[in-house]
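# sequence and predicted structure below; questions after.
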Amino acid sequence: MCALFLGIDNGGTNIKASLYDAGGNELASAGTTSDTRIEIPGFIEQDMEALWQKNCQVIKAVIASANIPASSIKGIAVTGHGNGLYAIDGEGNPIGNGILSADSRSNAIVDGYYASGVAGSISAISCQDVWAGQPPAILTWLKRHDRRRYDAIAWILMCKDYIRYRLTGEVWAERTDYSGTNFIDPHTGDYDDRLLDLFDLSDCKDKLPPIKASTDLCGRVSRHASRASGLKEGTAVFGGMFDIDANAIGMGIVAEHLDCIIAGTWSINQCITEKAPGAGSPYRCTNYCMPGHWLITESSPTSASNLDWFIRQLLKGAPADGSPYPYCDQLVATVDPQESDVLFLPFLYGSNVTRSASAAFLGLSGWHSSAHVIAALYEGVVFSHRMHLDRLRRDYPRVDHTRLSGGAARSSVWVQLFADILARPIELLEHEEVGTLGAAMAAAVGSGQFSNFEQASAKMVRVRRTIQPQMGLTGVFEKKYAHYCRAVETLQAIWEPQATGGPAG
């Protein structure tokens with residue numbers, strides 16, 4: 001049998017595993033939900049042992065579904081949500097629960113960083129905002145409020161690095177992930193003592209694991225992990241990557257003329273470049289999985305999660321025996337974009353404008369129906385993505401191809417709105433699970449199946465369909481987008497008095 005590669009993706013809410021051959025064909029896929037705990041408001045955690053067991057569950061399911069011997073798997077790599085904290089002690093045992101990047105217990109600490117000016121000094125080195133879900137802020141909270149747990153930490157890990165540790169018994173960091181944590185100067189790709197000093201975390205220096213690249217060998221499946229997961233003992237496990245990298249490389253973003261949109265819980269908008277960002281870059285800039293390249297990201301929690309909220313809280317009349325998402329698509333398809341000027345600001349969970357911005361429907365009248373409201377929601381999400389992309393293209397104008405993935409990509413109606421509002425063709429990929437594909441590509445390159453990600457992309461990534469904009473609607477959506485931007489600007493006067501500092505989103 002030809003060589004197969006396993007990609008595992010640990011997101012904030014879902015765990016997925018998929019098996020691919022060297023041609024990028026998916027042989028099997030399995031998934032489950034992770035168990036998020038919110039026992040105290042703002043404390044967002046998950047049981048690390050349960051997380052490992054669920055990873056074993058999906059790995060076993062993939063091997064069984066593919067009906068192949070585990071020895072056919074030549075390489076494994078893991079991706080996962082960035083930031084948060086998955087700490088272990090010297091024996092490899094979890095120090096309490098894993099803490100997700102959505103955790104906000106350290107908001108007041110972060111406010112202090114901004115009030116004192118320390119946040120600006122940190123960002124000048126790290127090319128990152130300072131925010132509550134990052135490990136330095138969480139560690140500072142533990143240092144101040146749970147010293148026993150803090151002192152017990154032997155290794156500071158990200159989510160995927162913990163799963164890799166459980167597979168191999170070896171402790172490593174991985175550069176793409178840690179370059180987004182505010183521990184690394186991404187210009188050097190190494191930990192920076194200045195950052196530790198600014199966070200008053202110099203005592204954590206020895207708790208930071210040695211750094212590997214995405215395609216570096218990071219150990220082999222241990223006997224214990226083999227028994228737990230069904231994988232063959234000794235199977236190679238590679239570095240893997242930050243989930244934003246896995247999504248980008250899984251969409252074939254290997255050149256500067258390509259950008260990608262991930263429209264899921266977050267609005268993630270990305271391109272790559274070989275040019276290092278200068279001081280004061282307004283973007284989140286991390287080391288990309290392709291050596292010598294930077295991943296430039298504009299993001300905020302303003303995307304398809306707004307629709308999930310609407311369905312959960314407000315939607316009435318959806319068919320009880322089917323998914324509400326096709327029903328929403330049907331409603332939106334009945335609305336002529338020219339007949340309604342309702343605007344939706346998709347800031348239910350944060351914004352890309354100011355930290356205190358809140359969501360709103362504007363322009364509602366008594367004659368508007370639920371179809372008009374949901375259409376405005378679809379449009380507002382795309383307007384938020386466009387705002388991010390407009391910023392990116394001011395400094396990275398070479399992009400001429402845009403690829404889309406995430407929950408919104410499953411809606412043909414929403415995809416057409418992306419094409420119409422961005423006024424450019426939108427490319428959809430053959431695989432929906434681009435995160436697991438990106439991880440599998442790291443394993444394929446690491447194992448020597450391909451020399452680099454460019455070769456892997458040429459063989460494993462395929463564009464399924466290109467959606468063209470309806471040019472007759474360009475003027476309509478340009479006018480709507482201008483109204484959206486004007487509404488956001490006008491509402492600053494209401495939002496700003498409530499602001500406490502810190503980054504948007």
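All right, it came through fine.
# drop to CA atoms for contacts and neighbour counts, all remaining ones
OK.
# residue 260 bridge partners, please.
residue 270, residue 403 (DSSP bridges).
# ok but residue 86 is inside a strand, no?
Yes - applying DSSP: H, G, I helix; E, B strand; the rest coil, one finds residue 86 inside a strand.
# where in the stretch 351-500 of the chain is pLDDT low?
Residue ranges of the stretch 351-500 of the chain with pLDDT under 70: 497-500.
# try the chain
In the chain (pLDDT under 70), the answer is 1, 279-280, 320-322, 497-505.
# one more time with 80
1, 278-282, 316-322, 355, 496-505 (pLDDT under 80).
# care to break it down by domain?
4-239, 305-386+475-498 (automatic domain parsing).
# can you give the contact residues for the host helix or strand of residue 268?
Residue 268 belongs to strand 267-273 when assigned by DSSP states H and E. If you take C-alpha atoms under 8 Å, 6 or more residues apart in numbering as the criterion, strand 267-273 is touched by 248, 253-256, 258-262, 288, 293-304, 384-385, 388-389, 396.
# what's the next secondary structure element after that strand?
Counting by DSSP H and E, what follows strand 267-273 is strand 284-287.
# chain center to that following strand, what's the gap?
Relative to the centre of its chain, strand 284-287 is centred 13 Å away, using C-alpha atoms, centre = their mean, to the nearest Å.
# and that strand, which strands flank it?
In the sheet, strand 284-287 lines up with strand 294-300 (antiparallel) (DSSP bridges).
# what is whichever helix in the chain runs longest packed up against?
In the chain, with assignment by DSSP state H, the single longest helix is helix 370-395. In terms of contacts (3 or more C-alpha pairs under 8 Å, 6 or more residues apart in numbering; DSSP states H and E), helix 370-395 is packed against strand 267-273, strand 294-300, helix 305-313, helix 324-333, strand 343-345, helix 412-422, helix 474-495.
# quick one: buried residues of the fourth one?
Buried residues in helix 324-333, counted by 16 or more other C-alpha atoms under 10 Å: 324, 325, 326, 328, 329, 331, 332, 333.
# could you export it as CSV, CA atoms only?
Extracted in CSV, the C-alpha atoms of helix 324-333 (Å, rounded to 0.1, in the frame of the first residue of the first chain):
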residue,chain,number,x,y,z
PRO,A,324,-31.4,25.2,10.2
TYR,A,325,-28.5,26.3,7.9
PRO,A,326,-30.1,25.4,4.6
TYR,A,327,-33.3,27.1,5.8
CYS,A,328,-31.3,30.3,6.4
ASP,A,329,-29.8,30.0,3.0
GLN,A,330,-33.2,29.7,1.5
LEU,A,331,-34.4,32.8,3.3
VAL,A,332,-31.4,34.9,2.2
ALA,A,333,-31.8,33.7,-1.4
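# so residue 469 sits in a helix?
No - counting by three-state DSSP, one finds residue 469 to be coil, located in no helix.
# quick revisit: okay if I get the domains of the chain as TSV plus distance to residue 275?
Formatted as TSV, the domains of the chain follow (distance: least, C-alpha to C-alpha, whole Å):
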stretch	distance to residue 275
domain 4-239	10
domain 305-386+475-498	23
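# relative to residue 468, which of these is closest?
Among the domains of the chain, domain 305-386+475-498 comes nearest to residue 468, with 14.9 Å by C-alpha to C-alpha.
# neighbours of residue 112, how many?
16 (other C-alpha atoms under 10 Å).
# contact partners for it?
Contacts of residue 112 by C-alpha under 8 Å, 6+ apart: none found.
# for residue 159, same thing?
So residue 159 contacts 10, 80, 81, 82, 83, 84, 85, 86, 98 (C-alpha under 8 Å, 6+ apart).
# got a winner among those for most neighbours?
residue 80 (30 neighbours).
# for the stretch 51-200 of the chain, which segments count as helices?
With DSSP state H, counting those that start in this stretch as the criterion, the stretch 51-200 of the chain has helices at 107-116, 118-126, 135-145, 147-152, 159-168, 175-178, 193-198.
# now the ones you listed in CSV, with distance to residue 451?
Shown next, in CSV, are the helices of the stretch 51-200 of the chain (distance: least, C-alpha to C-alpha, whole Å):
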stretch, distance to residue 451
helix 107-116, 42
helix 118-126, 30
helix 135-145, 33
helix 147-152, 41
helix 159-168, 23
helix 175-178, 19
helix 193-198, 34
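# what's the closest of those to residue 186?
That would be helix 118-126 among those, by C-alpha to C-alpha, at 6.3 Å.
# please identify the buried residues of that closest one?
Quick answer for helix 118-126 (16+ other C-alpha under 10 Å): 118, 119, 120, 122, 123, 125, 126.
# identify the residue nearest the second one in space, chain neighbours excluded?
Using C-alpha to C-alpha, 6 or more residues apart in numbering and skipping the chain neighbours, the partner closest in space to residue 119 is residue 113 (5.0 Å).
# what about that neighbour, neighbour count?
Residue 113: 22 neighbours (other C-alpha under 10 Å).
# what do you get for residue 257?
Neighbours around residue 257, by other C-alpha under 10 Å: 16.
# for it, which non-adjacent residue is closest in space?
residue 399 (4.0 Å).
# check contacts around the one you found.
Residue 399 neighbours (C-alpha under 8 Å, 6+ apart): 256, 257, 258, 259, 393.
# closest to residue 169 out of those residues?
residue 259 (36.5 Å).
# measure the residue nearest to that closest one when sequence neighbours are not counted to residue 149 for me?
Using C-alpha to C-alpha, 6+ apart and skipping the chain neighbours, the partner closest in space to residue 259 is residue 271 (4.5 Å). Applying C-alpha to C-alpha, to the nearest Å, the value for residue 271 to residue 149 is 39 Å.
# more crowded one of those two?
Relative neighbour count places residue 271 above the other of residue 271 and residue 149, with 26 against 15, counting by other C-alpha under 10 Å.
# now that one: how far from residue 393?
For residue 271, the distance to residue 393 - C-alpha to C-alpha - is 9 Å.
# residue 299 too?
14 Å.
# ok, these two, which is more surrounded?
The neighbour count for residue 299 versus residue 393, taken as other C-alpha under 10 Å, is higher for residue 299 (24 against 13).
# show me the contacts for that one.
Contacts of residue 299 (C-alpha under 8 Å, 6+ apart): 266, 267, 268, 269, 352, 388, 505.
# find the pair from those residues with maximum spatial separation.
269 and 505 (13.9 Å).
# more neighbours: which of these two?
Shown here are residue 269 and residue 505; by other C-alpha under 10 Å, residue 269 has more neighbours (26 against 19).
# now that one: closest residue in space, sequence neighbours ignored.
residue 261 (4.7 Å).
# what sits against the one you found?
267, 268, 269, 270, 385, 402, 403, 404, 405.
# can we see that at 10 Å?
Residues in contact with residue 261 (C-alpha atoms under 10 Å, 6 or more residues apart in numbering) are 247-248, 251, 267-271, 297-299, 385-386, 389, 402-406, 409, 418, 426.
# follow-up on the earlier one: dump the helices and strands packed on helix 370-395 to CSV, plus distance to residue 181.
Below are those laid out as CSV (distance: least, C-alpha to C-alpha, whole Å):
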stretch, distance to residue 181
strand 267-273, 17
strand 294-300, 14
helix 305-313, 24
helix 324-333, 35
strand 343-345, 29
helix 412-422, 31
helix 474-495, 28
